[in-house]
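Enquirer: Using only what follows, build the 3D model:
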Amino acid sequence: DMKLIYDYLHSNFERKVTLDEIAIQVNMSIVTFNRFIKKRTGKTFINYLNEIRVSYAARWLIEKDISISKIAYKCGFNNIANFNKIFKTLKKCTPSEFRNQFTGIKKIE
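Expert: Sure, this is the predicted structure:
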């Protein structure tokens, strides 16, 4: 079940994934699914999904030369403020601070 959930979320993180939809995928009621995901991951469904989204965002901030807002939307966040808040909670820095850590080592004069 966990592999199915993992694969499904990694394939669909860029769009809105509802609790109802994922529960149907694994043939559980919403209540049963909530209990299952919390027991297996220690997180709520939305926190688990947001961690997946932020992991992709972090990778793209390093690898892709596209704007932070574009990355936020491509990772399934519907607004930049929400993305920034969740990113900072999980990574302990803002997306721009995160990106700056990886954009070349600063030259020492």
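Enquirer: Kindly list the longest helix within this structure.
Expert: The single longest helix within the chain, with elements called by DSSP state H, is helix 45-63.
Enquirer: I'd like to know which elements it is packed against.
Expert: helix 2-12, helix 30-41, helix 68-74, helix 80-91, helix 95-102 (3 or more C-beta pairs under 8 Å, 6 or more residues apart in numbering; DSSP states H and E). Placement of C-beta: from N, CA and C, glycine included.
Enquirer: Mind doing that once more with 6 Å?
Expert: helix 80-91, helix 95-102 (3 or more C-beta pairs under 6 Å, 6 or more residues apart in numbering; DSSP states H and E).
Enquirer: who touches the lowest-mean-pLDDT helix or strand in the chain?
Expert: Scoring the helices and strands of the chain by mean pLDDT, DSSP states H and E places helix 95-102 at the bottom, with a mean of 92. The contact list for helix 95-102 (C-beta atoms under 6 Å, 6 or more residues apart in numbering) reads 61-62, 68, 87, 91.
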